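Chemist: Got a predicted structure here, sequence first:
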Amino acid sequence: MRTKHLLYFGFITPVIFWLNTLICGYLLKDYSHLTNYVSELGAVGTKTQTLFSIGVALCAVSNTFFLIGLYKACKELGVSVIPAYILVSFSISMFGVALFSYPLIWHAIGNMSIFLNFAPLAVFFLWKRNNDFQHIRVFSLVMFVIMVLHFGVHIPRLNNHYPGLIQRLGHIGWSTWFIYLSFNLNKLLGIKKKAGQASYTIAS
């Protein structure tokens, strides 16, 4: 696939994730998005276990295509590829959740998604090539702040009331960041392509 097509998976991954989460939550009548963890949608013995696992596996595959696109875009635009490497942990996390349902011990592989929080932070600190990336860097920093709210699930006072809501704040953060990054990187690649074509025309 071309880089721009791979970057489209930055849109697709959040769509799959949220559709899977909302559909499974609807099918489990006693499930609350405010107080229940996402993994409970695929818990062993629930009627949504298989559906949820399939959806999460699709997220993992989609994210893998996206991180490849991100890697290629970074190379073409001349910025650090470290954010793309960090996203590998998210794919591994998703595959782990899909293969090992809650509360199986290997379900803990899903905790690797914690590293995803540092991808936008890496963008902020490492993409300083020129002003073309300034808006992406600032937006990434804002999304990092939103994503780390997810750590609130480890604070007993907050976790005792709305753990599901806290978890979803982190999900909103990475979902928004993926979409924003996909759109703007494709935009920058388009500008670079046009500039290259203009230079070729002038030279000819």
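Modeler: Okay, I see it.
Chemist: so where is this structure shaky, pLDDT-wise?
Modeler: Within the chain, the segments meeting pLDDT under 70 span 129, 151-160, 196-204.
Chemist: where along it do the strands fall?
Modeler: Applying DSSP state E to the chain gives no strands.
Chemist: So which residues of the protein form helices?
Modeler: For the chain, helices defined by DSSP state H occupy the ranges 3-7, 9-27, 49-77, 82-99, 118-126, 134-147, 156-159, 163-203.
Chemist: Quick check: which of those is nearest to Tyr37?
Modeler: Between Tyr37 and those, the shortest separation by C-beta to C-beta is 6.1 Å, and it involves helix 163-203. Just so you know, the C-beta spots here come from the backbone N, C-alpha and C atoms, and that holds for glycine as well.
Chemist: was I right about Tyr180 contacting Val142?
Modeler: No - assessed by C-beta atoms under 8 Å, Tyr180 is found out of contact with Val142, at 9.9 Å.
Chemist: Between the two, point out the one with more neighbours.
Modeler: Taking neighbours as other C-beta atoms under 10 Å, Tyr180 and Val142 compare with Tyr180 leading, 18 against 15.
Chemist: How about the contacts made by the more buried one?
Modeler: Ile136, Phe139, Met143 (C-beta atoms under 8 Å, 6 or more residues apart in numbering).
Chemist: Could you report the distance from the residue lying closest to Ser32 once chain neighbours are set aside to Ser39?
Modeler: The spatially closest residue to Ser32, leaving aside those adjacent along the chain, is Gly164, at 6.3 Å (C-beta to C-beta, 6 or more residues apart in numbering). Using C-beta to C-beta, to the nearest Å, Gly164 is found at 11 Å from Ser39.
Chemist: Same question for Val123.
Modeler: Taking C-beta to C-beta as the measure, Val123 falls 28 Å from Ser39.
Chemist: thinking again about what came up before, give the contact list for the residue nearest to Ser32.
Modeler: For Gly164, the contact set (C-beta under 8 Å, 6+ apart) comprises Ser32, His33, Leu34, Thr35, Asn36, Tyr37, Val38.
Chemist: And those residues, which of them are buried?
Modeler: Buried members of those, counted by 16 or more other C-beta atoms under 10 Å: His33, Asn36, Val38.
Chemist: Reformat these as CSV; add distance to Phe66.
Modeler: Below are these laid out as CSV (distance: C-beta to C-beta, whole Å):
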residue, distance to Phe66
His33, 25
Asn36, 27
Val38, 20
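Chemist: picking up where we left off before, determine which of the helices of the chain approaches Trp106 most closely.
Modeler: helix 82-99 (6.7 Å).
Chemist: Going by contacts, tell me the helices and strands next to the closest one.
Modeler: helix 49-77, helix 118-126 (3 or more C-beta pairs under 8 Å, 6 or more residues apart in numbering; DSSP states H and E).
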